[in-house]
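[1] Pasting the sequence and the predicted model now:
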Amino acid sequence: MDTLEKIVREGKESEQVLFRRGAYTKQSQEELLRDVVSLANAKGEGQRVIILGVEAGVHGATVFNIPREAIDGTHRYHGVIRDFIEPPLNMHAQSLTVDGKQLVALILEDCQDKPYMMRADYSARLHRGDAWIRVNTENQRMGRRQLEAVFAHRFAETLYMGKVEIGFDGNMLSQEMTIKTADAELLPSKDAKQKLTTLIEAKEQKGTVADENTFITRLTHARLFGADQPYQSHSVSELRKELDNLVERYGGRDDYFRFEQHGGKVNLVLVNQSDQELKGASIALMLPRSSKFLLARRVPVNPANELKARKVYDDESSYPTVSELDKAYQVTESLGNLLPGQTSLAFKEPLRLFADKSLAGQKVTLFYKLYGRNLRQPISGKLLFKLV
């Protein structure tokens, strides 16, 4: 594909290029789903792109600046696409500047597992099984004839009759992986809760003056938070409100504790043990979900970097797509073509797992399905986590 700036300057939409004047909002997510499905089903090979901040015209394109808050919000598109489109799509966001205006490109990779369609009802207008295709510069609903043509093209290819070995990243394609457990009671939010509760009790202690400058509250604050942290005057009601918001306030720090400092990093290896190419491969994992066995939906940010602006090159563009079901996690990732004899990792960025120490000694099963355009049916199997 030509460079993104060249596409903008040419100012021409096509079956694989779509311009949009502004960013998608919560109110226009139907348009996001319809545009993504249409582009993914369009004819041809290679990348497809939606460029936000461009409007096509008779005399070329006009560019419009995408505000910073809208750029920061593009990471939410991944969740909508993940939850409502099947099979899995690999999309990432990239920023660019044209004529001093900040734009965003949403790039779809490896759209080889057609047809793409709605995997669940989204609204009264978008239903499970709905599909669209981009023809010239218009999105059209796919009818029976178009769907039959897609399937006929798929089945015309030689079926894959080989074998793909799948195991954990490590020695000898292991079918079992050890995950170290950790104590969830040591979460930063738990520690903060204990300190705030102690401070509230000190303020409410019988016989003390209801004054923020009392010796007891200052001494308690210094003991809990250290002498280096300045004492700030807060009423009991303000502290209780802060206590109620601890989980939300400490969410990022808790995730970093769980998944980066005390969690397991998981990746799978696939080996195509065949002289055939497996085309348009993708993989889906299912593993149990509970309050004591958690899977990160994105790579946690180090608390020391929390104030840094979020990059459009978000971790979600390389981290696998994770969906939270009722009692399970579903992980999906597009793999592209697996060449004969090829060994490849399933994920660019390993999954992050956390298991509470109360689960030590147990084993957890991971189920997988490998899909491919020239597979008659998915390749299924299971792997084990040993919690210690």
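    Okay, I see it. Values in this document were obtained by computation on a predicted structure and should not be read as measured data.

[2] Contact partners for the residue lying closest to Gln276 once chain neighbours are set aside?
    Spatially, and ignoring its direct neighbours in sequence, Gln276 is nearest to Gly162 (4.8 Å; C-beta to C-beta, 6 or more residues apart in numbering). Every C-beta, even on glycine, is put in place using the N, C-alpha and C of the backbone. Residues near Gly162 by C-beta atoms under 8 Å, 6 or more residues apart in numbering: 272-276, 278, 340.

[3] secondary structure class for Asp83?
    At Asp83 the chain is in helix, as set by DSSP: H, G, I helix; E, B strand; the rest coil.

[4] Over to Leu353?
    Put simply, Leu353 is strand when judged by three-state DSSP.

[5] Model confidence for it, exactly?
    According to the prediction, Leu353 has pLDDT 95.

[6] correct me, but it touches Val266?
    Yes. Between Leu353 and Val266 there is a contact under C-beta atoms under 8 Å: 5.7 Å.

[7] about what we covered before: now, which of the contacts of Gly162 lie within strands?
    272, 278 (DSSP state E).

[8] Would you list the buried entries among the contacts of Gly162?
    Buried members of these, counted by 16 or more other C-beta atoms under 10 Å: 272, 274, 276, 278.

[9] neighbours around the closest residue to Leu339 other than its chain neighbours, how many?
    Once flanking residues are discounted, Leu339 sits nearest to Glu277: 5.6 Å by C-beta to C-beta, 6+ apart. The number of residues packed near Glu277 is 18, by other C-beta atoms under 10 Å.

[10] which one of the buried ones among the contacts of Gly162 is nearest Asp183?
    Asn272 (41.4 Å; C-beta to C-beta).

[11] quick one: secondary structure of the spatially closest residue to Pro378 that is not a sequence neighbour?
    Nearest non-adjacent residue to Pro378, counting by C-beta to C-beta, 6+ apart: Lys369, 4.2 Å away. Secondary structure state of Lys369, per three-state DSSP, is strand.

[12] Report how many residues lie close to Lys369.
    Lys369 has 15 nearby residues by other C-beta under 10 Å.

[13] ok, what's across the strand from it?
    Applying DSSP bridges to Lys369 gives these bridge partners: Ala284, Ser380.

[14] Identify the residues contacting it.
    Contacts for Lys369 (C-beta under 8 Å, 6+ apart) come out as 283-284, 378-380.

[15] so what's the backbone phi/psi at the closest residue to Ala23 other than its chain neighbours?
    Excluding its sequence neighbours, the residue lying closest to Ala23 (C-beta to C-beta, 6+ apart) is Ala70, at 3.9 Å. With angles defined as degrees, to the nearest 10, Ala70 sits at phi -70, psi -40.

[16] residues touching the residue lying closest to Glu165 once chain neighbours are set aside, list them.
    Among residues not flanking Glu165 along the chain, Val271 sits closest, at 4.4 Å (C-beta to C-beta, 6+ apart). The contact partners of Val271, by C-beta under 8 Å, 6+ apart, come to 164-166, 173, 342-343.

[17] hmm, try it at 7 Å
    Taking C-beta atoms under 7 Å, 6 or more residues apart in numbering, we find Val271 in contact with 164-165, 173, 343.

[18] Same check on Pro303?
    Contacts here follow C-beta under 7 Å, 6+ apart; on that basis Pro303 touches 252-253, 256.

[19] Make a markdown table from those and add secondary structure, pLDDT and distance to Gln362 to it.
    Below are the contacts of Pro303 laid out as a markdown table (DSSP: H, G, I helix; E, B strand; the rest coil; pLDDT from 0 to 100; distance: C-beta to C-beta, whole Å):
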| residue | secondary structure | pLDDT | distance to Gln362 |
| --- | --- | --- | --- |
| Gly252 | helix | 82 | 28 |
| Arg253 | helix | 85 | 27 |
| Tyr256 | helix | 90 | 25 |
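
[20] on that earlier part again, could the contacts of Gly162 go into JSON lines alongside distance to Gln146 and pLDDT?
    Output for these, formatted as JSON lines (distance: C-beta to C-beta, whole Å; pLDDT from 0 to 100):
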{"residue": "Asn272", "distance to Gln146": "31", "pLDDT": "95"}
{"residue": "Gln273", "distance to Gln146": "36", "pLDDT": "94"}
{"residue": "Ser274", "distance to Gln146": "32", "pLDDT": "91"}
{"residue": "Asp275", "distance to Gln146": "34", "pLDDT": "91"}
{"residue": "Gln276", "distance to Gln146": "28", "pLDDT": "92"}
{"residue": "Leu278", "distance to Gln146": "26", "pLDDT": "93"}
{"residue": "Pro340", "distance to Gln146": "32", "pLDDT": "94"}
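
[21] Among the contacts of Gly162, which one sits closest to Met117?
    The nearest member of those to Met117, counting by C-beta to C-beta, is Leu278 at 22.2 Å.

[22] For Gly341, see how far away the closest one is.
    Computed as C-beta to C-beta, to the nearest Å, the Leu278 to Gly341 distance reads 11 Å.

[23] Same question for Ser282.
    Going from Ser282 to Gly341 by C-beta to C-beta gives 20 Å.

[24] Please say which of these two ends up with more neighbours.
    A count of neighbours by other C-beta under 10 Å puts Ser282 above the other of Ser282 and Gly341, at 24 against 10.
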